[in-house]
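Peer 1: Below are the sequence and a predicted model; questions follow.
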Amino acid sequence: MTHQTDNRALLRVLGIEKPIIQAPMAGVSTPALAAAVSNAGGLGSLGVGAMNAAAARNVIEQTRALTSKPFNINVFCHRPATADAALERQWLNWLAPQFEQYGATPPAALSEIYTSFVVDDAMLEVFLEEKPAVVSFHFGLPSAEALAKLRNAGIKLVGAATNLQDAAQVVAAGVDAIVAQGIEAGGHRGVFDPEATDDRLGTFALTRLLVKEFDVPVIASGGIMDGAGIAAALALGAQAAQLGTAFVACPETSIDDGYRRAILSDAARRTTFTAAISGRVARSMVNRFTELGTRADAPKSPAYPIAYDAGKALHAAAKTQGEFGYGAQWAGQAAALARSLPAAELFAQLERELQESLAQLSQWAK
């Protein structure tokens, strides 16, 4: 069966001009970044999964003050954490020498530092009142009732998937597009069940599989850093490409100086998966925290995002002594291609590269 014969359908649905989407990047994206991308004709995004409802409303309002164009709001739909006091105490005791190295002590206890959207009624109400153009989901999906309310409010829905099984759930939920998150992507893997075997599909393979399997627009994501990568994704049948790491070094992001220096240095040449920082597998540049997580004596980390409570505390303690290597320095496999440009300039450069790559492909076809 032939799917997705109209390769610009997604752009019309989302109300954007260019097939370039800035990944949400919770803790990194800002209203200024999202607005710059949307104003340039793409889809800017804000990750509010680590915020409460009031903070999410605030950043939506800030973004609307900077752009009249559509933008995306992204939330986490993970299974709420189950506390395990004994495991959490073991983890804190194991981390204690690291804290002591920077003149600090671990937290007395850990908490679930943010709420999954699947149980966050206050966040849902904010979306129904503010009506952002697009709401996207990571780690899973909210209830059918929540999806219906969002859809009835005129909001377009996008779900991320890392494999065919999760993608089938996304499509069955009636979304407007699927994000195909390949293994190359920086940040947290969007697997629905973190205990299940990860197929670890690459962006190209996953994109092509989803394009052939489902009659829903596909957005390719993972390892795409320039116009050539966008062109490749479009050639595979994706209707847009989502770029995260490519925008991390833009001055509009909220990253700290250590993260910025790292992604613009040789450190960007090495990325790895770790669960030590947050309690859930994510791709980061290799740093002190990722190396700590590989030690033979490392115990099992607490559940996500409870482990993140300890990770953020350790990073904060180390930063006071000038050490930034315990941060969540999320980055995709092609992070070494990152460029430190204002978002509007980077977007324009991506457009030029895309057109150049498409022209080259056209020449090959002759």
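Peer 2: Received the coordinates, thanks.
Peer 1: residues in contact with stretch 116-132?
Peer 2: Stretch 116-132 is touched from outside by 48-49, 52-53, 56-57, 60-61, 71-73, 75-80, 115, 135, 137, 139-140, 142-143, 146, 149-150, 153-155, with contacts defined as C-beta atoms under 8 Å, 6 or more residues apart in numbering. C-beta here means a position set from N, CA and C on the backbone, and glycine is covered the same way.
Peer 1: What residues sit buried inside stretch 263-283?
Peer 2: Using 16 or more other C-beta atoms under 10 Å as the test for burial, stretch 263-283 gives 263-264, 267-268, 271, 274-280, 282-283.
Peer 1: Could you check the pLDDT of Met1?
Peer 2: Met1 carries a pLDDT value of 42.
Peer 1: What segments of the stretch 101-250 of the chain are strands?
Peer 2: Assigned by DSSP state E, counting those that start in this stretch, the strands in the stretch 101-250 of the chain fall at 134-138, 156-161, 177-181, 187-188, 218-221, 240-243.
Peer 1: Let me know which of those strands is the nearest to Ser38.
Peer 2: Nearest to Ser38 among the strands of the stretch 101-250 of the chain is strand 134-138; the distance by C-beta to C-beta comes to 10.4 Å.
Peer 1: avg pLDDT for that closest one?
Peer 2: Per-residue pLDDT over strand 134-138 has a mean of 98.
Peer 1: quick check: longest helix of the protein.
Peer 2: What stands out as the longest helix in the chain, according to DSSP state H, is helix 343-365.
Peer 1: Can you give me the buried ones in that helix?
Peer 2: For helix 343-365, burial by neighbour count (16+ other C-beta under 10 Å) applies to 343, 346-347, 350-351, 353-354, 357-358.
Peer 1: about what we covered before: quick one: which of the buried residues of stretch 263-283 is nearest Ala316?
Peer 2: Closest approach to Ala316 among those (C-beta to C-beta): Ile277, at 13.0 Å.
Peer 1: these two touch, right, that closest one and Phe289?
Peer 2: Yes - judged on C-beta atoms under 8 Å, Ile277 makes contact with Phe289 at a distance of 5.3 Å.
Peer 1: nearest to Thr294, of the buried residues of helix 343-365?
Peer 2: Leu346 (33.2 Å).
Peer 1: how close does that closest one sit to Cys250?
Peer 2: Leu346 sits 6 Å away from Cys250, going by C-beta to C-beta, to the nearest Å.
Peer 1: packing partners for the longest helix of the chain?
Peer 2: strand 20-22, helix 31-39, helix 227-235, helix 245-248 (3 or more C-beta pairs under 8 Å, 6 or more residues apart in numbering; DSSP states H and E).
Peer 1: Extract the residue ranges of the stretch 1-150 of the chain that are flagged as low pLDDT.
Peer 2: 1-5 (pLDDT under 70).
Peer 1: Please enumerate the helices of it.
Peer 2: With DSSP state H, counting those that start in this stretch as the criterion, the stretch 1-150 of the chain has helices at 9-14, 31-39, 53-64, 85-101, 121-130, 144-152.
Peer 1: how many other residues sit next to Gly244?
Peer 2: 27 (other C-beta atoms under 10 Å).
Peer 1: Thought Gln22 was touching it, still the case?
Peer 2: Yes - using C-beta under 8 Å, Gly244 is in contact with Gln22, at 7.4 Å.
Peer 1: about what we covered before: now the buried residues of helix 343-365 in a markdown table, with distance to Leu33?
Peer 2: Converted to a markdown table, the buried residues of helix 343-365 look like this (distance: C-beta to C-beta, whole Å):
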| residue | distance to Leu33 |
| --- | --- |
| Ala343 | 5 |
| Leu346 | 10 |
| Phe347 | 10 |
| Leu350 | 14 |
| Glu351 | 17 |
| Glu353 | 20 |
| Leu354 | 20 |
| Ser357 | 24 |
| Leu358 | 26 |
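Peer 1: Looking at those, spot the one nearest Ala32.
Peer 2: For the buried residues of helix 343-365, the nearest to Ala32 is Ala343 (7.7 Å; C-beta to C-beta).
Peer 1: related to what we said a few turns ago, is it possible to mark the buried ones in the contacts of stretch 116-132?
Peer 2: 48-49, 53, 56-57, 60, 71-73, 75-79, 115, 135, 137, 139-140, 142, 146, 149-150, 155.
Peer 1: picking up where we left off before, can you tell me which of the buried residues of helix 343-365 lies closest to Tyr102?
Peer 2: Using C-beta to C-beta, Ala343 is the member of the buried residues of helix 343-365 that lies nearest Tyr102, at 33.5 Å.
Peer 1: quick one on the thing from earlier: what's the lowest-pLDDT member of the buried residues of helix 343-365?
Peer 2: Of all these, Leu358 carries the smallest pLDDT score, 92.
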